[in-house]
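Peer 1: All I have is the shape, not the residue letters:
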């Protein structure tokens, strides 16, 4: 089982920014597609963004397009979140998968981190 660790969550005011990081423990992320997902209380887990193995292909949920940016370097995947809204409040998870393309479908990912809380509130 791959081990992923998210960091960078916290409390931020509406309109603020946060950068989440997803790092691998004991292996390299280089060969995996990576997705960011979130789950708010009482709601299903939803896909936020995903990135291909080499970073050339990305995808975003409509709700975050133009505000969030996913990127990756050798062994970390980042989610830059700008113009945050209260409805972005959730636990954010990163996940690693081996499918040919990166998707926003949770079932396409086999390894998950523990999550990091993001709270957007004044």
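Peer 2: Good, I have the coordinates. Small disclaimer: the values here were computed from a predicted structure and weren't measured.
Peer 1: Might you list the low-confidence residue ranges for this structure?
Peer 2: Within the chain, the segments meeting pLDDT under 70 span 1.
Peer 1: And the strands in it, which stretches?
Peer 2: In the chain, the segments counted as strands under DSSP state E are 3-7, 10-12, 18-25, 33-39, 46-51, 58-60, 68-72, 76-81, 90-97, 111-112, 116-120.
Peer 1: Tell me how many other residues crowd residue 33.
Peer 2: 23 (other C-beta atoms under 10 Å). Where you see a C-beta, it was placed from the backbone N, CA and C, and this is true even at glycine.
Peer 1: same deal with residue 112?
Peer 2: By other C-beta under 10 Å, 19 other residues sit near residue 112.
Peer 1: likewise residue 99?
Peer 2: Neighbours of residue 99 (other C-beta under 10 Å): 15.
Peer 1: how far away is it from residue 110?
Peer 2: To residue 110, residue 99 is 9 Å away according to C-beta to C-beta, to the nearest Å.
Peer 1: ok, now which ones touch the closest residue to residue 78 other than its chain neighbours?
Peer 2: By the measure of C-beta to C-beta, 6 or more residues apart in numbering, the closest residue to residue 78 outside its immediate chain neighbours is residue 71, 5.0 Å from it. Residue 71 makes contact with 51, 55, 77-78, 80, according to C-beta atoms under 8 Å, 6 or more residues apart in numbering.
Peer 1: Now the buried members of the residues you listed.
Peer 2: Buried by 16 or more other C-beta atoms under 10 Å: 51, 77-78, out of the contacts of residue 71.
Peer 1: measure the most centrally placed residue in the chain to residue 122 for me?
Peer 2: Residue closest to the mean C-alpha point of the chain, counted by C-alpha atoms, centre = their mean, is residue 36 at 2.3 Å. Separation of residue 36 from residue 122 (C-beta to C-beta) stands at 24 Å.
Peer 1: what's the answer for residue 56, then?
Peer 2: The separation that residue 56 has from residue 122, given C-beta to C-beta, amounts to 38 Å.
Peer 1: same check, this time on residue 83
Peer 2: Taking C-beta to C-beta, one finds residue 83 at 14 Å from residue 122.
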